[in-house]
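J.: got a structure for you, letters missing:
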């Protein structure tokens, strides 16, 4: 009798133990949580976070109550990339682990709307009678305040037979030629200007070909010669978050950072030209800088450098193409131009094949639904968030070196023949 009682007790104990060990029951306080990281017209980046769950586990993702995909979750934080969405639509997402009887929050995601391809373009030319004029860069502060920079030669009766202007300014109604003076750091009062970068209407930087930087405060131009001792020639591009925190890049692998007081050179690990620099401030408040490295005509490095916490690294770039320019406003994607246009949204490079293959000199955007690329022979294209459009009517026997975007305005600059050229577009 006692033996039977013990056996019954043992069976009862094992039954309870089995129930408690049932792996279908989630651990106490376990959660699944969805967070929207970024969104475009046709894509969404969603983070799946777990707590108190033994990994890996199988997760089902539903989109508008329909199963979108099933993934094997191996990390507590996993970034999910979703594509093939429609512009200007709202989608609902929910994650669940069926065996654990665990369901996440419902995440509402509204995709961006596309922008219009319809622009009214105007073309302006300068110089051409006393030498080869060219504009290298442009900055749009607003539609009534634009600076383009380069070297514009205008014939006159002066000793040289011409006057060289190094900038042209748009005030909302007309372009005015300008001469921005230096401290003759390199022996010339008005050297050509290679690049311009604006933080606001009273905080603009101009990089002269003698290596000096001129700062415009809205009233006067203040020239800084301190970079010349390090830089041989002009900065090719400038990017920064303020006049006390910006980067310059140049030929020969040159990178330098200005902290408001001093310049600090950053060893790039290359002697190939650095054509462009762009950056973001990521979700941790840390700057992430990208640099485009390649020669235009010579053989050399072809790479994308990254700078974060003063550490230089590089992205995988296995396309075999030259890298001339890059742009992003998010940690989730990167656009690159040069020997073609490429995008990286899922950790690998995808070439944009919807546009002609011309050498592209500059890529800039205001957001993922308003991106422009310009280059050789008047190559000029726009991405509206869903579709690429080529503006073949803007083709020239020359080069567009740079493009700037602000709201509904886009301006590209370069040269055609012996004249400097500006193309200004306003979205209708």
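T.: Looks like it came in fine. For clarity, every value in this text was computed on a predicted model and none was experimentally measured.

J.: going forward, measure contacts and count neighbours with C-alpha atoms only.
T.: Noted.

J.: Can you verify residue 117 is assigned to a strand?
T.: No. Residue 117: not assigned to a strand; according to DSSP: H, G, I helix; E, B strand; the rest coil it is coil.

J.: just the strands in the stretch 301-428 of the chain please.
T.: 303-308, 311-315, 323-327, 334-338, 340-344, 349-351, 360-367, 370-375, 380-383, 388-390, 398-406, 409-416, 419-427 (DSSP state E, counting those that start in this stretch).

J.: quick one: the fifth one to strand 323-327, angle?
T.: Going back to what we said before, that points to strand 340-344. Inter-element angle recorded for strand 340-344 and strand 323-327: 50 degrees (by axes from the mean of the first three to the mean of the last three Cα atoms, to 10 degrees).

J.: counting contacts, what elements does strand 340-344 pack onto?
T.: If contacts are counted by 3 or more Cα pairs under 8 Å, 6 or more residues apart in numbering; DSSP states H and E, strand 340-344 sits against strand 334-338, strand 349-351.

J.: Turn these into JSON lines, columns for mean neighbour count.
T.: Shown next, in JSON lines, are those (neighbours: other Cα atoms under 10 Å):
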{"stretch": "strand 334-338", "mean neighbour count": "24"}
{"stretch": "strand 349-351", "mean neighbour count": "15"}
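
J.: Please name whichever of those strands is nearest to residue 84.
T.: Across the helices and strands packed on strand 340-344, residue 84 has its closest neighbour in strand 349-351 (15.4 Å, Cα to Cα).

J.: sorry, back to before: most tightly surrounded among the strands of the stretch 301-428 of the chain?
T.: Mean neighbour count, computed with mean count of other Cα atoms under 10 Å, is highest for strand 323-327 among those, reaching a mean of 28.

J.: Tell me which strands it pairs with, and in which orientation.
T.: Using DSSP bridges, strand 323-327 pairs in its sheet with strand 334-338 (antiparallel).

J.: So residue 30 sits against residue 53, correct?
T.: Yes. Contact criterion Cα atoms under 8 Å: residue 30 and residue 53 qualify, at 5.9 Å.

J.: Neighbour count for those two, which is higher?
T.: Legend: neighbour count by other Cα atoms under 10 Å for residue 30 and residue 53, higher for residue 53 (16 against 13).

J.: Give me the neighbour count for residue 126.
T.: Residues near residue 126, counting by other Cα under 10 Å: 21.

J.: Quick check: closest non-adjacent residue to it.
T.: Excluding its sequence neighbours, the residue lying closest to residue 126 (Cα to Cα, 6 or more residues apart in numbering) is residue 420, at 5.1 Å.

J.: Go ahead and confirm that neighbour touches residue 129.
T.: No. Residue 420 is beyond contact range of residue 129, at 11.1 Å (criterion: Cα under 8 Å).

J.: Would you tell me which strand is longest in this structure?
T.: Ranked by residue count and defined by DSSP state E, the top strand of the chain is strand 145-155.

J.: Which of the three states applies to residue 139?
T.: Per three-state DSSP, residue 139 ends up strand.

J.: just checking, it touches residue 196?
T.: Yes. Applying Cα under 8 Å as the test, residue 139 and residue 196 come out as touching, 6.3 Å apart.

J.: Look up the residues that both of the two are in contact with.
T.: When contacts are counted by Cα atoms under 8 Å, 6 or more residues apart in numbering, residue 139 and residue 196 have 147, 148 as shared neighbours.

J.: so what's residue 176 up against?
T.: 168, 169, 170.

J.: Following the chain onward from the particular helix or strand that has residue 195 in it, which element is next?
T.: Per DSSP states H and E, residue 195 falls inside strand 193-200. For strand 193-200, the following helix or strand on the C-terminal side (DSSP H and E) is strand 203-208.

J.: partners of the next helix or strand after that following strand, with directions?
T.: Counting by DSSP H and E, the element after strand 203-208 in chain order, helix or strand, is strand 213-216. Using DSSP bridges, strand 213-216 pairs in its sheet with strand 203-208 (antiparallel), strand 221-224 (antiparallel).

J.: quick check: angle from the first one to strand 145-155?
T.: Think strand 203-208. 30 degrees.

J.: buried residues in strand 203-208?
T.: Using 16 or more other Cα atoms under 10 Å as the test for burial, strand 203-208 gives 204, 205, 206, 207, 208.

J.: what's the closest of those residues to residue 367?
T.: Proximity of the buried residues of strand 203-208 to residue 367 (Cα to Cα) peaks at residue 204, which lies at 21.9 Å.

J.: re the thing from before, out of the strands paired with strand 213-216, nearest to residue 68?
T.: strand 203-208 (47.8 Å).

J.: and the closest residue to residue 312 other than its chain neighbours, bridged to which residues?
T.: Among residues not flanking residue 312 along the chain, residue 306 sits closest, at 5.6 Å (Cα to Cα, 6+ apart). Counting by DSSP bridges, residue 306 is bridged to residue 290, residue 313.

J.: Make 7 the first number, not 1, from now on.
T.: Right, with 7 as the first residue, what we last looked at is residue 312.

J.: now residue 312: how far from residue 337?
T.: 12 Å (Cα to Cα, to the nearest Å).

J.: any common contacting residues for these two?
T.: By Cα under 8 Å, 6+ apart, residue 312 and residue 337 have no common neighbours.

J.: What are the buried residues along the helix or strand containing residue 246?
T.: Assigned by DSSP H and E, residue 246 belongs to strand 243-248. Using 16+ other Cα under 10 Å as the burial criterion, the residues of strand 243-248 that qualify are 243, 244, 245, 246.

J.: ok, now which ones touch the third one?
T.: So the one you mean is residue 245. 203, 252, 253, 254, 283, 284, 285.

J.: Repeat that for residue 156.
T.: So residue 156 contacts 139, 140, 141, 142, 143, 171, 172, 173, 198, 199, 200, 201 (Cα under 8 Å, 6+ apart).
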